[in-house]
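Undergrad: Got a predicted structure plus its sequence, pasted below:
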Amino acid sequence: MNASRKASRGGAPGTCWACRAPYDRPVDTSAGLAIAGAVGAVIGAMLTYLWRFSERKQQTVDEPTPVVPPGAELVLSVLSSSAVLIDSADTVVKASAPAFAMGIINDDRLEPEELMSLVRQVRRDGQVRDADISMQPKRGATAHIHARVAPLTSRLILVLADDRTREQRVESIRRDFVANVSHELKTPVGALNLLAEAVGEAKDDPEAVVRFSSRMHLESERLTRLVQQIIDLSRLQNDILSDDATAIKIGELVSEACEHSATEAEHKKIEIATAVEPDLQVHGDRAQLHAAVSNLVENAVTYSPEGSRVTVTAQLDDGDIRLTVTDNGIGIPGEELDRIFERFYRVDPARARATGGTGLGLSIVKHVAASNGGTVEVWSEPGLGSSFTLVLPAHSHDTEETDDEEEQA
Ligand code: ADP
């Protein structure tokens with residue numbers, strides 16, 4: 001027995017005696033260690049979970065989730081403002097869809113720090129507060145937000161936010177426009193004042209009186225034109241088709257525009273040639289379209305040298321009418337092309353003073369195009385000339401007949 005035991009002990013190293021009978025295969029110690037490790041890990045994970053769970057329970061007892069008062073959610077959902085509810089840990093508890101769209105929420109936090117500090121102030125003293133906040137998004141222009149912050153319950157703060165970006169833009173355009181108009185009106189009014197004084201002082205010099213009075217005539221014409229253009233523009237601001245829209249023959253618009261500039265063209269020996277496809281019609285506001293085409297022809301004559309040629313063409317192109325006014329005048333530098341449609345913008349202000357330009361003509365053209373469902377395109381090359389194209393939806397005779405039939409019915 002001993003001998004056999006000894007013999008056996010001297011056999012394969014690592015053999016476990018106690019295990020010998022049920023298991024014939026030897027057991028690796030590294031596998032045993034791995035099993036023990038895994039069991040330890042499982043126990044550790046369970047303990048961690050239990051500890052976290054008890055901690056969370058403790059926290060829940062300390063800070064129960066604030067309850068949104070009954071009915072409040074419904075009221076907030078019908079408000080036109082974006083609504084956000086913030087709890088005492090500065091976390092967003094609820095927010096309406098427009099609040100996310102407005103970009104004032106990032107994850108579960110209010111994004112603008114200015115708005116967040118307003119929330120904290122309101123939480124401290126319970127006073128309702130209003131603020132105008134500017135937000136600079138990563139992409140795009142600055143957004144302007146009006147926010148009203150109020151305590152809703154002892155634990156919830158309500159933030160109501162309205163996007164005022166558009167109103168701010170309109171207001172700043174209005175302010176610029178009023179400032180520009182005042183400035184522009186001052187020039188001819190000031191000139192008339194000085195000329196009136198000069199006429200008074202030159203009463204014994206008939207030649208000077210004639211000279212000054214013709215200058216007065218010119219300045220008063222400039223003033224009348226400026227006032228008329230300001231009125232035209234103010235009527236056009238909404239870019240919507242006026243109630244006076246009718247079917248208008250393009251041929252008539254072109255002849256009237258050429259007639260309007262005939263005296264100036266004759267004076268500069270400029271030939272105005274026209275090529276208009278027959279029967280072209282647009283559905284739009286006659287006075288507006290007359291002003292737009294006349295402005296384009298007038299500019300072509302004004303900015304062209306003596307003896308040159310201006311052409312006005314109109315043709316149908318894929319359901320649109322393309323009315324183009326081309327000249328061989330001074331042209332416009334490429335970097336100015338984006339700006340010439342702005343109100344009161346002139347490429348060369350000194351030259352504009354000499355030509356009597358107001359800087360409003362192309363702005364009127366742009367708004368007339370938009371109000372009548374069209375666009376305006378420009379090509380220009382300094383020294384070579386310019387070409388302005390009004391693109392307007394063609395009015396077909398079929399549509400006209402259908403309209404007439406409907407009216408009769
Ligand atoms: P203005 O009353 O000064 O002509 P517009 O708004 O009609 O005002 O035009 C803006 C500016 O664009 C002008 O001051 C002029 O410099 C430039 N411009 C417009 N049309 C032409 C043209 N056909 N050729 C060259 N420059 C032009």
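TA: Thanks, I have it.
Undergrad: what about the stretch 251-400 of the chain, any weak spots by pLDDT?
TA: Within the stretch 251-400 of the chain, the set of residues satisfying pLDDT under 70 comprises 351, 353, 397-400.
Undergrad: which parts of it sit against the ligand?
TA: 295, 299-300, 303, 327, 329-332, 340, 345-348, 352, 357-363, 386 (C-beta under 6 Å from any ligand atom). Where you see a C-beta, it was placed from the backbone N, CA and C, and this is true even at glycine.
Undergrad: Quick check: ChimeraX command selecting the buried ones in the residues you listed.
TA: Buried members of those, defined by 16 or more other C-beta atoms under 10 Å, are picked up in ChimeraX with:
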select :295,299,300,303,327,329,330,331,332,340,345,346,347,352,357,358,359,360,361,362,363,386
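Undergrad: Out of the residues of the stretch 251-400 of the chain next to the ligand, list just those in strands.
TA: 327, 386 (DSSP state E).
Undergrad: and the residue in the stretch 51-200 of the chain that the ligand sits nearest to, what does it touch?
TA: Residue nearest to the ligand within the stretch 51-200 of the chain: residue 184 (10.6 Å; C-beta to the nearest ligand atom). Neighbouring residues of residue 184 by C-beta atoms under 8 Å, 6 or more residues apart in numbering: 226, 344, 358, 359.
Undergrad: Reformat those residues as a markdown table; add distance to residue 321.
TA: Formatted as a markdown table, those follow (distance: C-beta to C-beta, whole Å):
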| residue | distance to residue 321 |
| --- | --- |
| 226 | 30 |
| 344 | 29 |
| 358 | 27 |
| 359 | 27 |
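Undergrad: which one among those residues gets closest to residue 153?
TA: Taking C-beta to C-beta as the measure, residue 153 lies nearest residue 344 of the contacts of residue 184, at 53.7 Å.
Undergrad: if I pick that closest one, what's in contact with it?
TA: 180, 184, 358, 359, 360, 363 are the contacts of residue 344 under C-beta under 8 Å, 6+ apart.
Undergrad: in stretch 315-329, what's buried?
TA: So, applying 16+ other C-beta under 10 Å, buried residues of stretch 315-329: 320, 321, 322, 323, 324, 325, 326, 327, 328, 329.
Undergrad: ok, so of these, who is nearest residue 126?
TA: Ranked by distance to residue 126 (C-beta to C-beta), these are led by residue 320 at 61.7 Å.
Undergrad: That closest one pairs with what?
TA: residue 317, residue 393 (DSSP bridges).
Undergrad: what separates stretch 74-90 from the chain centre, distance-wise?
TA: 27 Å (C-alpha atoms, centre = their mean, to the nearest Å).
Undergrad: What of stretch 152-168?
TA: Counting by C-alpha atoms, centre = their mean, stretch 152-168 is centred 23 Å from the centre of its parent chain.
Undergrad: Please export the alpha-carbon coordinates of stretch 329-336; CSV is fine.
TA: Provided in CSV are the C-alpha atoms of stretch 329-336 (Å, rounded to 0.1, in the frame of the first residue of the first chain):
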residue,chain,number,x,y,z
GLY,A,329,-21.2,102.0,-70.5
ILE,A,330,-18.8,102.3,-67.7
GLY,A,331,-19.7,98.9,-66.1
ILE,A,332,-19.5,97.9,-62.5
PRO,A,333,-16.6,96.3,-60.7
GLY,A,334,-17.2,92.7,-59.7
GLU,A,335,-16.8,93.3,-56.0
GLU,A,336,-19.6,96.0,-56.1
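Undergrad: which residues touch the nearest residue to residue 328 once chain neighbours are set aside?
TA: Residue nearest to residue 328 in three dimensions, not counting chain neighbours: residue 385, with 4.1 Å by C-beta to C-beta, 6 or more residues apart in numbering. Taking C-beta under 8 Å, 6+ apart, we find residue 385 in contact with 304, 326, 327, 328, 329, 331.
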